[in-house]
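A.B. asks: Predicted model and sequence below, questions to follow.
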Number of protein chains: 2
Amino acid sequence: MNKQDISVNNRYVVSLNGLVYQPTNLIAALVERGHRATAPRKAIVAFLEQANEGLTAEAINEKLPSVGRATVYRTIKLLLEVGVVCKIPMMDGSHLYGLTRSVCLLCGAMVEFKAGTLNRSPRAADAGTPGQPVDHHIELTMTCDYCRADEDK
Amino acid sequence: MNKQDISVNNRYVVSLNGLVYQPTNLIAALVERGHRATAPRKAIVAFLEQANEGLTAEAINEKLPSVGRATVYRTIKLLLEVGVVCKIPMMDGSHLYGLTRSVCLLCGAMVEFKAGTLNRSPRAADAGTPGQPVDHHIELTMTCDYCRADEDK
DNA sequence: TCAAATGATGATACTCCATATCACTAGAAG
DNA sequence: CTTCTAGTGATATGGAGTATCATCATTTGA
């Protein structure tokens, strides 16, 4: 198997988009922007908040049978626009959704990370690359303590 | 608009998966692994090699009408397994394919980059994060000289 | 408290990307 | 040249996400 494939499929990925924030009240964030606090939205948000892994839209839909498919996708889209949820494109074409944190691309588990070390790094990487650096995104590929990959050891 | 969304949609992204390599002969790489050097594969490889941007499978299919859709997807999958082509999941759900280089997530243009500076960076970022670092992937988000985004200036 | 206005919902149909199937074609080896 | 079989192309199929639209429910103003 190819190392490049393994790296994106079987390791922790720790992501940082310049900002790190743990949202306190996602529903309030919606209301602040003129949206309504409906029962389906509360259910979806609560499910996302208690999840310790990235979720597919399908998984949310299955766990919340009272909420329609379309509403799941609409609510996710809304939360993405507000910025409290991130969308992780997986290599198999699916997408995981979760609070803005770190997600393992294999098992979907979320991990905490040290913002400080990650913040220092991209400035060094920017140097020597054409164009004007504006933002950065780092993925650290690591063996996962709970989901270790054995293919290439 | 949210900064997180802008960053992945409207800027250069410079990627590195630990290794940087410019394959010299992609067909030979296939043959070495027991695959055949067929006309459709040669056409797809030649098209990828002369492209200066990431390509969707659909774009390849349109430009090579003599090659069937299924073969385009099969050949891409094969080149991914060999490791000479990379798959870039875009935030809109589509995928771009290209030689292992850097690709702008908006216009699809490929850019060269300095491997040295990028290689030094992740080692610093690894420190302080739980788990065992094995590989890394960096995306530098930058204003693109040819495809500059004006939304958030 | 009530009623109008409209944002939100859910069922369904639909679109698009990618894969599976399968009879047929064409490289590769002797 | 012939045989073997990997590879191909047309088509059907599957799955994720979106669009539509009649209905529902939250908000707001009286």
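C.D. replies: Yep, it's here.
A.B. asks: I'd say residue A:98 and residue A:55 touch.
C.D. replies: Yes - the pair residue A:98 / residue A:55 is scored as a contact, 6.4 Å apart, by CB atoms under 8 Å. Yep, even glycine has a C-beta here, placed from its N, CA and C like the rest.
A.B. asks: Identify the contacts common to those two.
C.D. replies: Residues touching both residue A:98 and residue A:55 (CB atoms under 8 Å, 6 or more residues apart in numbering or on different chains) are residue A:48.
A.B. asks: How about the secondary structure of residue A:96?
C.D. replies: strand (DSSP: H, G, I helix; E, B strand; the rest coil).
A.B. asks: three-state assignment of residue A:88?
C.D. replies: Strictly by three-state DSSP, residue A:88 counts as strand.
A.B. asks: Show the pLDDT at it.
C.D. replies: What the model reports as pLDDT for residue A:88 is 70.
A.B. asks: Look up the closest residue to it, ignoring the ones flanking it.
C.D. replies: residue A:96 (4.4 Å; CB to CB, 6 or more residues apart in numbering or on different chains).
A.B. asks: Against DNA strand C, how distant is that neighbour?
C.D. replies: 17 Å (CB to the nearest atom of the strand, to the nearest Å).
A.B. asks: Might one say that that residue is in contact with residue A:51?
C.D. replies: No - counting by CB under 8 Å, residue A:96 does not reach residue A:51; the two are 10.2 Å apart.
A.B. asks: my read: residue A:66 touches residue A:44, true?
C.D. replies: No - at 10.8 Å, residue A:66 does not count as touching residue A:44 under the criterion of CB under 8 Å.
A.B. asks: neighbour-wise, which of these two wins?
C.D. replies: Counted by other CB atoms under 10 Å in any protein chain shown, residue A:66 and residue A:44 do not tie: residue A:44 has more neighbours, with 28 against 8.
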